[in-house]
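1. build me a model:
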Amino acid sequence: MSVVHLTTTGVGIGHEVPVPAVRHPLHRLAAVRQQQGISRRTVARRLNIDLATVRAQEEETTNISLSQLYEWQKVLEVPLSELLFEADDSLSAPVLLRAQLVRLMKSVMAIQESAKQETIRRMAQTLIDQLLTIMPELAGVGPWHAVGQRRRLDELGVAAERRLSDDVFLDLTD
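-> All right, here's what the predicted structure looks like:
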């Protein structure tokens, strides 16, 4: 299996190909990701790459491949043209509106999920219904993730539920 690597000097499969240094912005991955309200961790998980690679690809001057750009486009759920840098730095009105409505829906869903009073839950449901009337594709949007919240002492994290293979333990005995 050949390994393809991207460096500032080139892309290679066993050899270096010179790539000219890029000084001007090529894409807007970071800006679009932030406006869509998606974390780097989520992007890394969905692209099946590490966080350092996400950071490197988000650099506006990083020359990423077209196939990588298409992968980002699927994760961010925006037209490919929105990821490319142009003189006009803002997102198109429909994409910007969608990003704002997704964030609003996440907030309303979080309010509904955490509300203890029935009246607040009903108001949140009314807002959800109104948002779905405006944009039906928001139906699959969930609340903001509760990442970073502290667990109680009696709760276990996801890491505690993962199973390790026996090979991990065999290596420790050597």
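
2. low pLDDT regions in this protein?
-> Low-confidence segments of the chain, defined by pLDDT under 70: 1-23, 85-92, 146-174.

3. swap the cut-off to 50 and go again
-> In the predicted model of the chain, residues 1-18, 87, 173-174 satisfy pLDDT under 50.

4. now do the helices in it.
-> Residue ranges of the helices in the chain, as given by DSSP state H, are 29-36, 40-47, 51-58, 66-76, 93-114, 118-134, 158-161, 166-172.

5. now these as CSV including mean neighbour count and distance to residue 84?
-> Every residue, glycine included, has its C-beta placed from N, CA and C. Rendered in CSV, the data for the helices of the chain read as follows (neighbours: other Cβ atoms under 10 Å; distance: least, Cβ to Cβ, whole Å):
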stretch, mean neighbour count, distance to residue 84
helix 29-36, 20, 10
helix 40-47, 16, 18
helix 51-58, 16, 14
helix 66-76, 15, 8
helix 93-114, 16, 13
helix 118-134, 13, 28
helix 158-161, 6, 36
helix 166-172, 8, 44
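
6. out of these, flag the one nearest residue 141.
-> Closest to residue 141 of the helices of the chain, according to Cβ to Cβ: helix 93-114, at 4.5 Å.

7. now the helices of the chain in JSON lines, with distance to residue 145?
-> Output for those, formatted as JSON lines (distance: least, Cβ to Cβ, whole Å):
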{"stretch": "helix 29-36", "distance to residue 145": "14"}
{"stretch": "helix 40-47", "distance to residue 145": "8"}
{"stretch": "helix 51-58", "distance to residue 145": "16"}
{"stretch": "helix 66-76", "distance to residue 145": "16"}
{"stretch": "helix 93-114", "distance to residue 145": "9"}
{"stretch": "helix 118-134", "distance to residue 145": "18"}
{"stretch": "helix 158-161", "distance to residue 145": "12"}
{"stretch": "helix 166-172", "distance to residue 145": "28"}
